[in-house]
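Visitor: here is a sequence together with a model predicted from it:
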There are 2 protein chains.
Amino acid sequence: MIRRTLAALLLATAAPAVAQDVATAPVLTSLDAYRAMAAGAETAPLFARELAAARKSVDAGIRAGIDVPTPKDRGGGPTHERHKANYKLIQQAGTLYRLTGERKYADYVRDLLLAYAKLYPTLANHPAASDQVPGRLFWQSLNDSVWLVHAIQGYDAVRVDLTAAERKTIDEQVFRRLAAFLTSEARTFDRIHNHSTWANAGVGMAGYVLRDPVLVEQALKGSDRSGKVGFLRQLDLLFSPDGYYAEGPYYQRYALQPFVVFAQAIQANEPGRKIFAYRDGIVLKAIRTAIQTSYGGYFFPINDAMPDKSLKTEELYQGVAIGYAATRDPGLLGIAKWQNKVALSPQGFAVARDIAAGKAKPFAFASTLLRDGPQGKDGALAILRSGPQEHAQVVVAKNTAQGMGHGHFDKLNWLLYDNGQAVVTDYGAARFLNIEAKDGGRYLPENDSWAKQTVAHNTLVVNETSHFDAKLKRAEAVAPTQLAFVGEGPLRFSIGEMAGAYPGVTFRRALVQVDMGKNAPLVLDLMTVKNAGKATYDLPLHFAGHIIDTDVKLASNVTTRPVLGKANGYQHLWVDATGQLANGQGRVTWINQGRFYSYRMATPGAQLIVAESGANDPRFNLRREPVLIQRLSGAGDAAFLSLLEPHGRYNAATETTTGSRSGVAGLTLTETTGARVATITLTGGKTILIAIATDTTAGKAHSVTVNGRKLDWSGPVGRFDGTAQ
Amino acid sequence: MIRRTLAALLLATAAPAVAQDVATAPVLTSLDAYRAMAAGAETAPLFARELAAARKSVDAGIRAGIDVPTPKDRGGGPTHERHKANYKLIQQAGTLYRLTGERKYADYVRDLLLAYAKLYPTLANHPAASDQVPGRLFWQSLNDSVWLVHAIQGYDAVRVDLTAAERKTIDEQVFRRLAAFLTSEARTFDRIHNHSTWANAGVGMAGYVLRDPVLVEQALKGSDRSGKVGFLRQLDLLFSPDGYYAEGPYYQRYALQPFVVFAQAIQANEPGRKIFAYRDGIVLKAIRTAIQTSYGGYFFPINDAMPDKSLKTEELYQGVAIGYAATRDPGLLGIAKWQNKVALSPQGFAVARDIAAGKAKPFAFASTLLRDGPQGKDGALAILRSGPQEHAQVVVAKNTAQGMGHGHFDKLNWLLYDNGQAVVTDYGAARFLNIEAKDGGRYLPENDSWAKQTVAHNTLVVNETSHFDAKLKRAEAVAPTQLAFVGEGPLRFSIGEMAGAYPGVTFRRALVQVDMGKNAPLVLDLMTVKNAGKATYDLPLHFAGHIIDTDVKLASNVTTRPVLGKANGYQHLWVDATGQLANGQGRVTWINQGRFYSYRMATPGAQLIVAESGANDPRFNLRREPVLIQRLSGAGDAAFLSLLEPHGRYNAATETTTGSRSGVAGLTLTETTGARVATITLTGGKTILIAIATDTTAGKAHSVTVNGRKLDWSGPVGRFDGTAQ
């Protein structure tokens, strides 16, 4: 046979160089680990595919020749994309050299890095730098850090086989200069922020490769090596004790890569540091939490987030692989199977090999309370799941702290997933990532004017202003309180409270997932407001779907559509229609992917506003999405009671419809001493009473009488099934 | 083993009854065919799955008991859905009886039909009947016909094993009465229309089962048996010689089932009629044409169509199975594989068996000209494909005749599919099929006021009125002319012309698919208008995607959004912005599923209107979709030149963007004697000239000079690649 098998080729040619010099041999991945990968690739198809893909991409890079252009463009532009492509090629080519033994790959890494050695010393701040900290290769220094994290891995793989002169040139003109640049600017290196984590990771890995313990120490403890900042401090402060990352899942994903990659490098070079045990295993918790904060593979898009971001990203291939190497949790193999891709690393190899051996199990998705804040005292992200299966219903209560500059002003916001779809939605960020025509792919002005504002979320707005007047400093000073959480059993709930978002106003939200047997659970939402003064309250519900029907008598703006307000996001809402809730009740039904959703409001005195995002948007920067707003004007203390009911199914293929009518006939709220009781009346005449106590102490006994019926329960929430009298 | 295998069970128990009486044995499917299915089911997994599903559904029906309610509801309502479910149960239970030999299934068919025998004689016209011809079991007689087509098959399977008294009751009280009802009303039975095809098929199949040649004769030749109407005449008139169904793909799919099912019944009972050879094999052509008029499995949604309708429907399971039985075309197995489901019939069994044997091949998707009209003289549907693969680019030119009551007023409309997506779109019908809250699932008023109007399509509108003033009779009187079509090679095109849609106005459209090597083809669109008088012309382009960028200076309606007009669909358009094409040129770029599309206009004097559907829609009956309109005011003869360019890719997972900028720098139109020449200038400086001759005679030689360059070509369209001077 002319064509040798992959395994034969790898076994014959792997590990061509012997590490004559302990000061130059690979340290990020050992020669032994490379040998094991080369030997086992053929029995691990997902890994073999990555190897083949890397070969294809690097071979194309070699054919195209070295292209290291002078930096010019913003994100998404040609020079930006070129330098991104180059760091991937350097990393891949280094790995390929070790796995195939083909010298051309080492030469390619060398030639690319020598070209950078010529370019880099000539660079000052990037010409397209904007409001972010400027980089040299890229418009923001963050990207320079990312370049370093990748390129140092490729360099580590080949360094031993370069000449001493080549090593010196690349060490000094590329990596030492880059490390010096990154450590020199506190805004880049010494913040408690994911941008600094990337810088720390890159510099620390360069420290191991260049055998420079000072760089490693700076990476771990900050540029002054005091330990006030740096990687370990990031691990202390950026994650809560439950592994929740302050900025939310989208940035948790992004932040994860330098954490896991650098942790792996620390483990390989200084196992005595027991980095994976650091802070009760925070790195591994962070990996699991990233996965728990997703639905159908997509991250909950709270705060600044791109809603199209899934677990199928480089960060999570790395995270799953490194997490699996440290835990051997077969649930992580289940995630890797869904990703259908592994990292081209020793850890990715282990994942591919064990998937091939049939060891994968479904990941243990479950209701979870993720405390926020370094001490876990700054609110929480509460996740209620109806079951572990992929299409289970999931309620997310965003009772978290602000989450720094990428946080949105949406205390006690909530989301709903059902039937595999996002149903109650979060806009995420106003941004077209990496699309140059849209402001170079940066956050758009509408991210501030719309996406961050409270009205763009599903929570209370007072007097058409945002929480904390949309001021970051004020928002970071206080966090919500997670008063109660029960994630298991037939009555799952979260109760959160926020004081300080508006002067003199405290609001509290109870979200209750009410099991309905074989049907999807109902979600009851009780938002109560305490306010010594009077104000106008808006409670928006952003949803995905097409409105089918409503029982609210609407006055519609059918020939000219006005905007709802002038500022704080209201200028971006078109008003489709308004109407008064008759007898304080109203229902709107929409359809989403063949399932119906009825949103039932029982808020006496409220007006319903049906609106859509997209006003005051001459550049088409916003998506146009519908929202229902319950508005109470001139109110003091108040309560909004709402019920979201998934029902029925329309099947386009068979043209059949079932259950298109709501199964709920009525919803009312009764206020008693010590509790509010929601009465859900079903069309068949049955009733479900949900009693929500004011005192949320776990296990505390409550007793109230509603319509002559005595209700006894213990704990914050009780459920009582019966028949309407 | 306690649990016998399926095959063993089937072999042991199949064919329990011997046909003692040739007047009662099954005739729609023979006992031999049932035996073959029972014996082979286990080796044909898709078939075995259908069998198991049918068993599950019928077993549940048996447990639930007989429910034959008095008809009350419209489409989607409970009694409607019940009678629909019942006809499926009757059909499935009959088949199950033959395949399993279990008597309970025959009993169930009998009991259901005896219940109908009680109910049916008591019925008059349906109480919820509306503008359609009323049925008895259903709100329109069409559904009664469909009930008959299904139920007669289940009855045929069990009839021989009922008592003579049972047979007599069911024959006379159900099937003869139903046949008499359907044949008695010319609007139901004797129209050239798919509703009548269902009636013809049901009555004809009942004729075979009841051994009544008069019913068969009526089915084939109309209630008076003259042959002026009836099934054969439908085959003559409803399909063009190329198997295109006058109403378009959506109704072609729907119409297909009675054609193929009754044809199969005729073949089984009267092979001498050679029904599959009738009119040069028109039944088989119709099946293939239905598949050719789809993209990614979804039917082109021209005319009244639900855009969510795919090949995964009962009609196409039947069509593919019966087509395969008649042709053994392995491409049909490829479709069946995609459908992942087969009909529970001898033909479906053959499909499942041969897929299991590995005989499937990809269906031969190709550029196709489908002539319209019974003689093929009433225009055509022209389909240009860039290749046979699933994600190929497809241009559809709708140069067809009106297509009866479900036709839209959109002569020379066009659609574009690219990269697996609908890009230039057709709204389809304004309807929420089977969703009762939306007018009982019927066509909504907006179907007339918006969906059928010309401005809701991608073709010329004169003076804000629709083609033929949206009058059906006038529209049916004339059809477009397909002047030229070339579907193969690197320069594929369609040229159509329409005269008579507006008094004194003739318009012609050339759509050219210009191959660009490894990139997706460009689509050039030249719409020319001849008009002795002056008028305002609008050329809308409805598209799917989010606008990224434009070079047109727009004046935007950002705080109140007005409607575009008062009538003819214009009242349903909100105006987002307007702008003048500078130097007669303009570009709008949008993104759709990660790919960019630049629409470049070269129409001197034109205004661009950016609008969205959804105005004057207080009940939220419309989807909100964007449209670009080129407007020329006070023009006589005119030409609109446009170019649609797919380019680049944004990958959300890797956050990389390539080719987000258009590769086209300019587009101009030169008018010369005998031809118009479009000059496409690429950003690299290369040019592509597309010369479109006025004389569209095939093979005719043309020679023109443009900017001193002599262009020689033959045929309607020539292409000249060069470099800008």
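Guide: Yep, that arrived.

Visitor: which residues in the stretch 301-450 of chain A form strands?
Guide: Along the stretch 301-450 of chain A, counting by DSSP state E, counting those that start in this stretch, strands occupy A:368-371, A:379-385, A:394-400, A:413-418, A:421-424.

Visitor: let's have the ones you listed in TSV, adding mean neighbour count.
Guide: Just so you know, the C-beta spots here come from the backbone N, C-alpha and C atoms, and that holds for glycine as well. Rendered in TSV, the data for those read as follows (neighbours: other Cβ atoms under 10 Å in any protein chain shown):
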stretch	mean neighbour count
strand A:368-371	21
strand A:379-385	26
strand A:394-400	27
strand A:413-418	25
strand A:421-424	21
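
Visitor: quick one, which of those strands is nearest to chain B?
Guide: With Cβ to the nearest Cβ as the measure, strand A:421-424 is the member of these nearest chain B (15.0 Å).

Visitor: so how far is the closest one off the chain centroid?
Guide: 16 Å (Cα atoms, centre = their mean, to the nearest Å).

Visitor: just checking, what packs against it?
Guide: Under the contact definition 3 or more Cβ pairs under 8 Å, 6 or more residues apart in numbering or on different chains; DSSP states H and E, strand A:421-424 sits against strand A:413-418, strand A:638-647.

Visitor: pull the CA atoms of that strand into CSV?
Guide: Extracted C-alpha coordinates of strand A:421-424, given in CSV (Å, rounded to 0.1, in the frame of the first residue of the first chain):
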residue,chain,number,x,y,z
GLN,A,421,-37.0,27.3,22.7
ALA,A,422,-36.3,30.6,24.4
VAL,A,423,-39.8,31.8,25.2
VAL,A,424,-39.4,34.7,27.7
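
Visitor: please work out the average pLDDT along it.
Guide: Mean pLDDT, computed over strand A:421-424, is 98.

Visitor: what parts of the stretch 551-700 of chain A come near chain B?
Guide: Residues of the stretch 551-700 of chain A found near chain B, taking Cβ under 8 Å from any Cβ of the partner chain as the criterion, are A:554, A:556, A:558-563, A:571, A:574, A:576-577, A:589, A:591, A:612, A:615-618, A:620, A:623-624, A:650, A:652-658, A:660-661.

Visitor: what about 7 Å?
Guide: Taking Cβ under 7 Å from any Cβ of the partner chain as the criterion, the stretch 551-700 of chain A approaches chain B at residues A:554, A:556, A:558-563, A:574, A:577, A:589, A:615-618, A:620, A:623-624, A:650, A:652-653, A:655-657, A:660.

Visitor: okay but A:Q513 is in contact with A:I383, surely?
Guide: No. Proximity of A:Q513 to A:I383 does not meet the contact threshold set by Cβ atoms under 7 Å, at 10.6 Å.

Visitor: and the spatially closest residue to A:A698 that is not a sequence neighbour, how many neighbours?
Guide: Once flanking residues are discounted, A:A698 sits nearest to A:G715: 5.9 Å by Cβ to Cβ, 6 or more residues apart in numbering or on different chains. A:G715 is flanked by 17 other residues according to other Cβ atoms under 10 Å in any protein chain shown.

Visitor: was I right about A:G715 contacting A:G699?
Guide: Yes. Taking contact to mean Cβ under 7 Å, the distance of 5.8 Å between A:G715 and A:G699 places them in contact.

Visitor: returning to what we had before: quick one, which of the strands of the stretch 301-450 of chain A is nearest to A:A54?
Guide: Between A:A54 and these, the tightest spacing by Cβ to Cβ is seen for strand A:421-424, at 34.3 Å.

Visitor: how many residues are close by A:L99?
Guide: Using other Cβ under 10 Å as the criterion, the residues surrounding A:L99 number 28.

Visitor: show me which residues of the strand or helix carrying it are buried.
Guide: Assignment of secondary structure by DSSP states H and E places A:L99 within helix A:78-100. The neighbour-count criterion (16 or more other Cβ atoms under 10 Å in any protein chain shown) identifies A:79-100 as the buried residues of helix A:78-100.

Visitor: re the thing from before, among the residues of the stretch 551-700 of chain A next to chain B, which ones are buried?
Guide: For these, burial is judged from neighbour counts taken by 16+ other Cβ under 10 Å, and it is met by A:554, A:556, A:558, A:561, A:563, A:574, A:577, A:589, A:615-617, A:620, A:624, A:650, A:652-653, A:655, A:657, A:660.

Visitor: what's the spacing between whichever residue of the stretch 351-500 of chain A sits closest to chain B and B:L256?
Guide: Here the stretch 351-500 of chain A gets closest to chain B at one residue, A:A437, 3.8 Å apart by Cβ to the nearest Cβ. Look at A:A437 and B:L256: by Cβ to Cβ, to the nearest Å, they are 45 Å apart.

Visitor: between these two, which one's more packed in?
Guide: Just comparing A:A437 and B:L256: by other Cβ under 10 Å the higher neighbour count belongs to B:L256, 25 against 20.

Visitor: quick one: that one and B:A286 touch, right?
Guide: Yes. Counting by Cβ under 7 Å, B:L256 touches B:A286, with 6.2 Å between them.

Visitor: skipping its backbone neighbours, what lies nearest A:R176 in space?
Guide: A:L210 (7.0 Å).

Visitor: neighbours around that neighbour, how many?
Guide: When neighbours are counted by other Cβ under 10 Å, A:L210 registers 23.

Visitor: mind checking the SS state of A:V27?
Guide: Recorded secondary structure, A:V27: coil (DSSP: H, G, I helix; E, B strand; the rest coil).

Visitor: residues in contact with it?
Guide: The contact partners of A:V27, by Cβ atoms under 7 Å, 6 or more residues apart in numbering or on different chains, come to A:D156, A:Y208, A:V209, A:A268, A:N269.

Visitor: from what I see, the last one and A:G207 are in contact.
Guide: No. Contact criterion Cβ under 7 Å: A:N269 and A:G207 do not qualify, at 9.1 Å.

Visitor: who's more crowded, these two?
Guide: A:G207 (23 against 17).

Visitor: residues touching that one, list them.
Guide: Listed by Cβ under 7 Å, 6+ apart, the contact set of A:G207 reads A:P213, A:L215, A:V216, A:A219.

Visitor: for A:G718, give me the pLDDT.
Guide: Per-residue confidence for A:G718 comes out at a pLDDT of 97.

Visitor: tell me which element it is part of?
Guide: When secondary structure is defined using DSSP H and E, the element that contains A:G718 is strand A:717-723.

Visitor: who touches both of A:G715 and A:G699?
Guide: Counting by Cβ under 7 Å, 6+ apart, nothing touches both A:G715 and A:G699.

Visitor: once you drop chain neighbours, what's closest to the residue of the stretch 351-500 of chain A closest to chain B?
Guide: Of all residues apart from its sequence neighbours, B:D549 sits closest to A:A437 (Cβ to Cβ, 6+ apart), at 3.8 Å.
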